[in-house]
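Chemist: One predicted model, sequence on top.
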Amino acid sequence: MNFLISAATYYKTEPHQDAAWEYLWDSLDKYTQQSFMDAYRGSPADPAGIITLKVFEELTGYSAALFQQQEADDCNRLLKETGFDKDIKATQMLMANILHETMNLKHMEEIASGHAYNNRSDLGNGPTDGPVYKGSGVLMLTGRYNYQRFSDSIDDPRVMEGVDYVSTTYPFMSAKTWIEENNLLHIAQTKGFDDVCYKINGGWNGYEDRLAKYQICKNVL
């Protein structure tokens with residue numbers, strides 16, 4: 001780590017230094033990169049909400065260094081704008097299902113190619129829209145039609161660039177429209193965890209894992 005800090009100290013963006021620094025940086029693993037950024041620039045401030053990088057670590061078992069501050073901020077924004085931030089029990093139910101759906105926040109976009117969604121009129125897709133508008137974010141926003149509605153709701157036209165933009169910029173907020181239109185907070189508050197699971201999944205797939213993650217969320221949050 002010290003050699004990185006020394007290199008950064010003497011780095012003056014000179015042309016002959018750029019290539020060397022780029023080569024050095026690309027050779028590092030993500031954990032070392034994050035550790036260097038924390039040490040050299042100072043650790044990022046905690047987000048305005050209950051979700052922090054440390055909380056992500058405790059929920060998933062993955063190092064906090066593997067997460068970005070923007071992800072925590074986006075999660076807190078989702079909780080705030082949907083009203084979940086006012087009810088910790090409801091938040092525990094939602095986060096347990098999010099952890100299951102994303103395999104502990106590992107997958108923020110659909111693994112499949114998305115070609116199966118081409119020409120899906122129910123999703124508003126044309127002949128080449130499937131891969132562009134495949135599942136994105138913690139609850140898999142899918143289809144041109146749904147991307148457009150999300151874009152309109154947050155007034156960000158760049159959402160229509162597709163899955164790469166949404167999965168990295170709005171990994172949590174992408175679920176906002178679905179959560180609100182399906183009254184998920186009300187279900188959590190009046191019916192409980194099982195009904196939240198059923199509403200999100202449409203069945204009971206992965207129920208045991210959702211339940212295990214629910215216990216983790218109750219312990220951490």
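Modeler: Okay, I see it.
Chemist: from here on, contacts and neighbour counts on C-alpha atoms
Modeler: Will do.
Chemist: I'd like the distance from stretch 127-147 to the chain centre, please.
Modeler: Average the C-alpha atoms of stretch 127-147, do the same for its chain, and the two points are 15 Å apart (C-alpha atoms, centre = their mean, to the nearest Å).
Chemist: typo on my end, it should be stretch 175-186
Modeler: From the chain centre to the centre of stretch 175-186 is a distance of 17 Å (C-alpha atoms, centre = their mean).
Chemist: what distance separates the start and the end of that stretch?
Modeler: With C-alpha to C-alpha, to the nearest Å as the measure, stretch 175-186 spans 16 Å from end to end.
Chemist: got the contact list for it?
Modeler: If you take C-alpha atoms under 8 Å, 6 or more residues apart in numbering as the criterion, stretch 175-186 is touched by 78, 81-84, 90, 137-141, 149-150, 153, 196, 199.
Chemist: Spit out the contact partners of the residue positioned nearest the centre of the chain.
Modeler: The residue lying closest to the centre of the chain (C-alpha atoms, centre = their mean) is residue 171, at 3.3 Å. By C-alpha under 8 Å, 6+ apart, the residues touching residue 171 are 71, 74, 75, 108, 136, 137, 138.
Chemist: The fourth one touches residue 166, doesn't it?
Modeler: No - Residue 108 is not in contact with residue 166 according to C-alpha atoms under 8 Å; the separation is 9.1 Å.
Chemist: Mutual contacts of the two, please.
Modeler: Common contact partners of residue 108 and residue 166 (C-alpha under 8 Å, 6+ apart): 136, 137.
Chemist: Distance-wise, check residue 220 relative to residue 83.
Modeler: 20 Å.
Chemist: meant to ask about residue 164, not that
Modeler: According to C-alpha to C-alpha, residue 164 stands 27 Å off from residue 83.
Chemist: The residue nearest to the centre of the chain belongs to a strand, doesn't it?
Modeler: No - assessed with DSSP: H, G, I helix; E, B strand; the rest coil, residue 171 is coil; it does not lie in a strand.
Chemist: list the contacts for the closest residue to residue 170 other than its chain neighbours?
Modeler: Using C-alpha to C-alpha, 6 or more residues apart in numbering and skipping the chain neighbours, the partner closest in space to residue 170 is residue 74 (6.4 Å). Residues counted as contacts of residue 74 (C-alpha under 8 Å, 6+ apart) are 170, 171, 172, 173.
Chemist: Test for you: state the pLDDT assigned to residue 74.
Modeler: According to the prediction, residue 74 has pLDDT 97.
Chemist: and the helix or strand it falls within, how far from the chain's centre?
Modeler: Per DSSP states H and E, residue 74 falls inside helix 69-82. Computed by C-alpha atoms, centre = their mean, the chain-centroid distance of helix 69-82 equals 9 Å.
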